[in-house]
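Chemist: Pasting the sequence and the predicted model now:
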Amino acid sequence: MWDTEEVEKYRINSEITNGHKNSIGFAYQDWCRWNGFEYTPTRFKRNDKLPYIPHESELDQLITGNRKKIGCFLQFLKESACKPIEAWRLTPEDFDLKQQICYINEPAKGSNPRVFKMGDKLTACALQYI
C-alpha cells in the first residue's frame, strides 16, 4: 500500500505555490482511486497575484517589432482594449475612417456591441488594409 502521509508531508513542506500543491493532490487522488484506495487531499488556499501589466513603451516596442499586419492588429488591441476574436471579426464596413470611428458589432461572448474613437496612428495603419 502507498504511504499517503508521505505525500501529504511533501505537499505541505515543498516550496511550490499552493495552486500547484492542489493540482498535485488532485492528480494523486485520481491515481489512488484508479488503484483502488481512497485519498482525500488537503486543500490549500491559493495566493492570487495581480497580473503583470507592461508599460506603454514596452507595448509600443512590441508593436513596432512585428510585421506591419501584426503590428496593426496589436495597435488595434492596444487602443480598443477589445478581445482578439472581436478584432478578427471586423469587416471594412465596421470602420469609419473619416470620423476615425470603429464599430464592434460582433462582440465576443459576454460582451456588448460598442463604438470607439481610433487614434491617428491606428487610422493610418488601418488605411493600408481597408
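Modeler: Looks like it arrived, so ask away.
Chemist: Buried ones in the longest helix seen in the chain, by neighbour count?
Modeler: Identified as the longest helix of the chain according to DSSP state H is helix 18-34. For helix 18-34, burial by neighbour count (16 or more other Cβ atoms under 10 Å) applies to 21-22, 24-25, 28-29, 32. C-beta coordinates here come from the backbone N, C-alpha and C atoms, glycine included.
Chemist: Figure out how far the helix or strand just after that helix is from the centre of its chain.
Modeler: Note on helix 18-34: by DSSP states H and E, the next helix or strand toward the C-terminus is helix 56-64. How far helix 56-64 lies from its chain's middle: 18 Å, per Cα atoms, centre = their mean, to the nearest Å.
Chemist: mind giving me the domain ranges of the chain?
Modeler: By the assignment in automatic domain parsing, the chain contains the domains 1-49, 56-129.
Chemist: that older thread, tell me which residues are up against the longest helix of the chain.
Modeler: For helix 18-34, contacts defined as Cβ atoms under 8 Å, 6 or more residues apart in numbering pick out 2, 4, 7, 11-12, 14, 16, 38-47.
Chemist: that older thread, kindly reformat the buried residues of helix 18-34 as TSV containing pLDDT and distance to residue 76.
Modeler: TSV is the format used below for those (pLDDT from 0 to 100; distance: Cβ to Cβ, whole Å):
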residue	pLDDT	distance to residue 76
21	93	40
22	94	38
24	92	41
25	93	42
28	92	45
29	93	45
32	91	49
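Chemist: Can you pick out the most distant pair from these?
Modeler: Farthest-apart pair in these is 21 and 32; separation 16.2 Å (Cβ to Cβ).
Chemist: low-scoring stretches of this structure, by residue?
Modeler: Low-confidence segments of the chain, defined by pLDDT under 70, span residues 1.
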